[in-house]
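Asks: need coordinates for the below:
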Amino acid sequence: MPTNRLVSALALAAFSISPAICADKHDKKHQDAFVGDPDETEIAKHVRHELVMLPYYGIFDDLAFNVEGHTVTLLGAVVRPTLKDDAGRVVKRIAGVEQVVNNIEVLPLSPNDDQIRRAEYRAIYGDASISTRYGFRALPSIHIIVKNGNVTLEGVVANQGDKNLIGIKANGVSGVFSVTNNLLVEEK
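Replies: As a prediction, this is how the structure comes out:
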């Protein structure tokens, strides 16, 4: 039991350290689970915490949400359908949440997409300059979403140079139709 608490504490600490404010934010309706916002409500803080603590949330998944009043809309894309169900279940238990709309997309099963995920992971996190800054966290801040051969990068990086380098690495993978680089650059 103490090991589980230690892992949970380390995971929470990793997300607390990650950049809270980003220069080029996504649409306000799409709050990434791993990017905090100093102006968010208490419900949003609890939703974010519960999502990042999900045990099977990995770098090939994108969890996001939107809070309007007492309604939470879950967004993003996941590899496992159980992660979608788990996200909905933990958010429903949060005090103050009256309704949960679970719009998380379950990515289609595809051996080709699985191969692209592994190749993208090796291309991005295999680079020593990237892996030392972003790879050694409980949940790395760069997420690789693959759907039907199309890659979307989500997450947070320290500067525009890192965003560009990661985009170049992702575009260099064989068999990829397109790469959308949605990485956020932290504000200085």
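
Asks: now this structure, which segments are flagged as low pLDDT?
Replies: Within the chain, the stretches with pLDDT under 70 are 1-39, 188.

Asks: break it down into its structural domains.
Replies: Residue ranges for the domains of the chain, per automatic domain parsing: 2-106, 111-185.

Asks: let's have the ones you listed in JSON lines, adding mean neighbour count.
Replies: (C-beta placed from N, C-alpha, C; glycine too.) What follows is these, written out as JSON lines (neighbours: other Cβ atoms under 10 Å):
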{"stretch": "domain 2-106", "mean neighbour count": "16"}
{"stretch": "domain 111-185", "mean neighbour count": "17"}
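
Asks: and the spatially most central residue of the chain, its phi and psi?
Replies: For the chain, the residue sitting closest to the mean C-alpha position, by Cα atoms, centre = their mean, is D62 at 4.1 Å. The phi and psi values for D62, taken as degrees, to the nearest 10, are phi -130, psi 110.

Asks: element containing the closest residue to it other than its chain neighbours, please.
Replies: Distance criterion Cβ to Cβ, 6 or more residues apart in numbering; nearest residue to D62, sequence neighbours excluded, is G76 at 4.1 Å. Applying DSSP states H and E as the criterion places G76 in strand 71-78.

Asks: counting by contacts, list what that strand packs against.
Replies: With contacts defined as 3 or more Cβ pairs under 8 Å, 6 or more residues apart in numbering; DSSP states H and E, strand 71-78 has these neighbours: strand 62-68, helix 81-92, strand 99-102, strand 105-106.

Asks: export it to CSV, keeping only CA atoms.
Replies: Extracted in CSV, the C-alpha atoms of strand 71-78 (Å, rounded to 0.1, in the frame of the first residue of the first chain):
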residue,chain,number,x,y,z
THR,A,71,-21.6,19.6,-16.2
VAL,A,72,-18.3,18.1,-17.2
THR,A,73,-17.7,17.1,-20.9
LEU,A,74,-14.9,14.6,-21.4
LEU,A,75,-13.0,14.9,-24.7
GLY,A,76,-10.0,13.4,-26.4
ALA,A,77,-9.0,10.0,-27.8
VAL,A,78,-7.9,6.8,-26.1
